[in-house]
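>>> Sequence first, predicted coordinates after that:
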Amino acid sequence: GNLIINATESIDIVGTTTPDGQGPSGLSASVISGATGDAGDILILTQRLTARDGGAIIASNFGTGQTGFVKVNASELIELLGNESSSINVSAGVDATGQSGALEISTQRLIIEDGSSILAVTFGEADAADVLIRATDSVTISGSNAENSFSSAITTESLFFPEFRGQGNAGLGRGGDIEIRTGALNLSNEGVLSSAATGLGASGNINLFIDDSIEIDNAGISTTSEQSSGGQIAISAGNIRLLNDGDITTNVNVGQGGGGNIAIQSDFIIVLDDSDILAFALEGIGGEIDLSQTILFSQNLNPVVEGL
């Protein structure tokens, strides 16, 4: 069934349910492996939402059927922190079918730290959920988990693992698209904004509409596809700063799929300290990089398109 929560002031989801920390406490609408049916939807309305130290919101289908959507509307703040298990995620298993439900976030400020994540993932033929974020003030993705190096992230993934070999629908789905509309986007200290596909599916696209500034400091925005076409990255922002190996990249590792295009519109871009803008395809055609709608200031940047 569906899960609907309307909390006037705040919601706190804290900790795990198992000694090893692998069982998150939280809110869930799920179908387990071997079951048949569609997963329910999750709708949350509040002022402030915090998930910390393993607290999570999960919509998943590891049986046969469709995955539900997750919609979180927190008028003031959403923060995910503590470790990599603190998350909001929509997951579709190998046997899940149809289009995964969307993951939609609306708030004033969104903060993701300590390896926490907003995640949409598929392991089968169903496409991963699209991620839609509206934050009127800012989105911050910063840091990683010091114990295992999981990066704080907003990501969509289509994943294939060797143990899935022989299951014909494994890894066929597409990574979901990511769209963020906010005043300022800040990525730092290994924070990640990405879409990836490790099977035969394509990675999703990333579309950013930022009223003021984007700062990427020792962090990255990327789309990566192992065997299919790379996702596009389209950015519209007031200004953009890439610092300390801050990167914007698209990549296809194997096969003739093209690397995704990168298109940036902004008043100016400042690129320093070994930062890069790169569209790469190992065997296919590298994507195009369009900086015609901005002014570039750089130490050593060489916007690179690599591929045949």
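Structure's in. What do you need? What you see is a predicted model; the values in this text were computed from it and never measured.
>>> Report the contact partners of the residue nearest to L296 when sequence neighbours are not counted.
Nearest non-adjacent residue to L296, counting by CB to CB, 6 or more residues apart in numbering: I269, 5.2 Å away. Quick note: C-beta positions are derived from backbone N, CA and C, even for glycine. Counting by CB atoms under 8 Å, 6 or more residues apart in numbering, I269 makes contact with N239, I240, R241, L242, L291, T294, I295, L296, F297, S298.
>>> S28 now?
L3, A56, I57, I58, A59, S60.
>>> what do you get for A39?
With contact set as CB under 8 Å, 6+ apart, A39 has these partners: A29, S30, V31, A59, S60, N61, G65, Q66, T67, G68, G101.
>>> roughly how far apart are it and A120?
Per CB to CB, to the nearest Å, A39 is found 13 Å from A120.
>>> Can you list which of the contacts of A39 are found in strands?
Per DSSP state E, strands hold the following members of the contacts of A39: A29, S30, V31, A59, S60, N61.
>>> nearest to Q232, of these?
A59 (26.2 Å; CB to CB).
>>> in the stretch 151-300 of the chain, which spans are strands?
Remark: strands assigned in the stretch 151-300 of the chain by DSSP state E, counting those that start in this stretch are 153-158, 178-188, 192-197, 206-217, 220-225, 233-243, 247-252, 262-265, 268-271, 276-281, 289-293, 296-298.
>>> bridging residues for L43?
Beta-bridge partners of L43, counted by DSSP bridges, are I4, K71.
>>> mind checking pLDDT for L27?
Looking at L27, its pLDDT stands at 92.
>>> For it, what is the enclosing helix or strand?
For L27, the host element (DSSP states H and E) is strand 26-31.
>>> neighbouring strands for that strand, and are they parallel or not?
By DSSP bridges, strand 26-31 pairs with strand 56-61 (parallel).
>>> buried stuff in the partner strand?
Across strand 56-61, burial judged by 16 or more other CB atoms under 10 Å covers A56, I57, I58, A59, S60, N61.
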